[in-house]
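>>> for reference, the sequence and a predicted model appear below.
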Amino acid sequence: MFVMIGACRLELLQGDITRQQVDAIVNAANSELAGGGGVDGAIHRAGGPTLMSETSAKFPQGCPTGSAVPTTAGNLPAKFVFHTVGPIWRGGQEGEPDLLRSAFKTCLELAVEHQCESVAFPAISTGVYGYPKDLAAETALQTIHEFLQTTQQPKLVRMVLFDGGTYGAFARVLESMLA
Ligand code: APR
């Protein structure tokens with residue numbers, strides 16, 4: 001499903017983010033930028049070793065939670081990968097929503113800065129980091145919606161949801177935002 005926000009399109013798709021033909025792909029990394037499983041493992045496998053050599057060389061201190069750093073995309077069909085770090089869910093009282101909002105916003109700002117017309121996001125924090133999918137969907141979609149309304153860039157933001165349950169959670173939230 002998709003919605004138009006002015007001239008920008010916000011869409012939900014069930015699939016694999018490493019297959020997306022977009023200018024930038026967002027990675028759900030850890031603050032050491034050490035690689036991992038989940039979407040991080042998939043992006044590094046598909047992108048090849050360039051991604052890790054670039055993060056090690058340019059960002060040896062890693063990346064704080066709620067922030068993001070850019071690299072090129074190696075063998076992926078994209079120009080950039082934005083490595084962001086979502087919060088670990090600790091019950092919701094430890095600033096998790098603000099940190100998740102900041103992760104999405106920083107990536108959208110990087111997309112504008114790098115003149116990306118299209119960017120694909122995974123459901124940051126909803127895997128190993130344990131963020132409840134419905135709450136993550138609310139924060140993610142509200143943040144993207146607000147950003148597109150204000151900035152009118154990038155022209156396409158695609159949330160790529162790996163499984164049906166996550167797609168369903170995001171679709172319900174997007175529907176309720178339109179109601
Ligand atoms: N495409 C799109 N989404 C994917 C893919 C893929 N190829 N593989 C997994 N996902 C989904 C998961 O189903 C989940 O909904 O990405 C979402 C985020 O899950 P994780 O990858 O576990 O990311 P996160 O919860 O943010 O945890 C980050 O996990 O892999 C490590 O190094 C990473 O330590 C960091 C932590």
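Done, it's in. Keep in mind the model is a prediction, meaning the values are calculated, not measured. Residues are numbered from 1 along each chain as shown.
>>> kindly report the residues of this structure close to the ligand.
Within the chain, the residues that sit near the ligand (CB under 6 Å from any ligand atom) are 16-18, 28-30, 36-42, 86, 122-129, 160, 162-163, 166. For glycine as for every other residue, the C-beta is placed from the backbone atoms N, C-alpha and C.
>>> buried subset of those residues?
17-18, 28-30, 36, 38-40, 42, 86, 122-127, 129, 160, 162, 166 (16 or more other CB atoms under 10 Å).
>>> filter those down to just the ones in helices.
In helices, judged by DSSP state H, the following of those are found: Gly38, Val39, Asp40, Ala42, Thr166.
>>> and the helices in the chain?
Under DSSP H, the chain gives helices at 38-47, 50-58, 96-113, 133-151, 164-178.
>>> can you add mean pLDDT and distance to Thr72 and give these back as a markdown table?
A markdown table is the format used below for those (pLDDT from 0 to 100; distance: least, CB to CB, whole Å):
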| stretch | mean pLDDT | distance to Thr72 |
| --- | --- | --- |
| helix 38-47 | 98 | 9 |
| helix 50-58 | 98 | 7 |
| helix 96-113 | 98 | 13 |
| helix 133-151 | 98 | 24 |
| helix 164-178 | 96 | 28 |
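>>> among the residues of the chain next to the ligand, name the ones in strands.
Of those, the ones assigned to strands by DSSP state E are Ala28, Val160.
>>> OK, contacts around the residue nearest to the spatial centre of the chain?
The geometric centre of the chain, computed from its C-alpha atoms, lies nearest to Phe121 (CA atoms, centre = their mean), at 3.2 Å. Contacts for Phe121 (CB atoms under 8 Å, 6 or more residues apart in numbering) come out as Ile17, Val26, Phe104, Cys107, Ala140, Ile144, Val157, Arg158, Met159, Val160.
>>> now swap in Val85 and tell me
Ala28, Ala29, Asn30, Ser31, Cys63, Pro64, Thr65, Gly66, Ser67, Ala68, Ala103.
>>> how about 6 Å then?
By CB atoms under 6 Å, 6 or more residues apart in numbering, Val85 lies in contact with Ala29, Ser31, Cys63, Thr65.
>>> list just the nearest of those to Ala171.
Ala171 lies nearest to Ala29 out of the contacts of Val85, by CB to CB, at 25.8 Å.
>>> what's the burial count for the nearest residue to the closest one once chain neighbours are set aside?
For Ala29, ignoring the flanking residues on the chain, the nearest one in space by CB to CB, 6 or more residues apart in numbering is His83 at 4.3 Å. When neighbours are defined as other CB atoms under 10 Å, His83 has 28 of them.
>>> also Val3?
Other residues close to Val3 by other CB under 10 Å number 16.
>>> need the nearest residue in space to Arg158, chain neighbours excluded.
Nearest non-adjacent residue to Arg158, counting by CB to CB, 6+ apart: Ala120, 4.5 Å away.
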